[in-house]
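In: Only the shape, not the letters, is given here:
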């Protein structure tokens, strides 16, 4: 075995080693990141496809949801819970007329009414009237019952009740005035938001 022969074998081994090193470098440096990116992209695509499927299902059920919402609104409107008037002033006028009628029919006397500020609350508008009225205790009981059980619904808030001895009629010396009860209350109702 000569030196040249030995060098030739060594050159072949060295060339083979370099070739293996280049192949490993290419595999580690180029192919492995490409494979890793491929699987990451494949997983991202699968997630996006599932998300797209969920959104497609939601879009497909949109018509059903709209139909259910329309039916629910119709049911609520037809139930008489809310006024059927189309504007806030008309609702307030209807509420004021209802209060006036209830107080008069019960034998009471409506002293004054004043519109309260409207307040939006969760898709509804809270409307109210501050009312002052008087009557005997039986009248008061009937008035409050009629107001709270009426449709569209009315709720009595911030109620203040004064007897005749509190200075609201006892000065006249009139027995009927002494038996009167004086009431100041906020009578509120709710209507669906008119902007929908």
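Out: Sure, I can see it. The shown structure was predicted, so the numbers you read here are calculated from the model rather than taken from an experiment. Residues are numbered from 1 along each chain as shown.

In: what's the domain layout of this structure?
Out: Domain assignment for the chain by automatic domain parsing gives 3-60, 80-192.

In: Between those, which one is closest to residue 67.
Out: Nearest to residue 67, of all the domains of the chain, is domain 3-60, at 13.0 Å by C-beta to C-beta. The C-beta positions use only the backbone N, C-alpha and C, and glycine is treated the same way.

In: returning to what we had before: relative to residue 73, which of the domains of the chain is closest?
Out: Shortest distance between residue 73 and those, using C-beta to C-beta, is found for domain 80-192: 7.5 Å.

In: pLDDT of the closest one, averaged?
Out: Per-residue pLDDT values over domain 80-192 give a mean of 82.

In: circling back: could you redo the domains of the chain as TSV and give each row mean neighbour count and distance to residue 70?
Out: Output for those, formatted as TSV (neighbours: other C-beta atoms under 10 Å; distance: least, C-beta to C-beta, whole Å):
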stretch	mean neighbour count	distance to residue 70
domain 3-60	10	18
domain 80-192	16	13
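
In: quick check: longest helix of the chain.
Out: The longest helix of the chain (DSSP state H) is helix 32-60.

In: circling back to that earlier point, could you dump the domains of the chain into TSV and include distance to residue 68?
Out: Shown next, in TSV, are the domains of the chain (distance: least, C-beta to C-beta, whole Å):
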stretch	distance to residue 68
domain 3-60	14
domain 80-192	16
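
In: which SS class is residue 82?
Out: Three-state assignment for residue 82 (DSSP: H, G, I helix; E, B strand; the rest coil): coil.

In: Regarding residue 158, what is its secondary structure?
Out: Secondary structure, three-state DSSP: residue 158 is strand.

In: who wins for proximity to residue 71 among the domains of the chain?
Out: Per C-beta to C-beta, nearest to residue 71 of the domains of the chain: domain 80-192, 14.7 Å.

In: which residues in this protein form strands?
Out: 109-115, 119-121, 124-135, 155-163, 181-192 (DSSP state E).

In: which phi and psi does residue 153 have?
Out: Torsion angles at residue 153 (phi, psi; degrees, to the nearest 10) stand at phi -60, psi 140.

In: ok, the closest residue to it other than its chain neighbours to residue 155 distance?
Out: Leaving aside its sequence neighbours, residue 153 sits nearest to residue 81 (C-beta to C-beta, 6 or more residues apart in numbering; 5.6 Å). Distance of residue 81 to residue 155, computed by C-beta to C-beta, to the nearest Å: 12 Å.

In: Check residue 116 too.
Out: Counting by C-beta to C-beta - residue 116 and residue 155 are separated by 12 Å.

In: Overlap in contacts, those two.
Out: residue 188 (C-beta atoms under 8 Å, 6 or more residues apart in numbering).

In: Pairing-wise in the sheet, spell out the partners of the closest residue to residue 99 other than its chain neighbours.
Out: Leaving aside its sequence neighbours, residue 99 sits nearest to residue 131 (C-beta to C-beta, 6+ apart; 5.3 Å). Going by DSSP bridges, residue 131 is paired in beta bridges with residue 113, residue 185.
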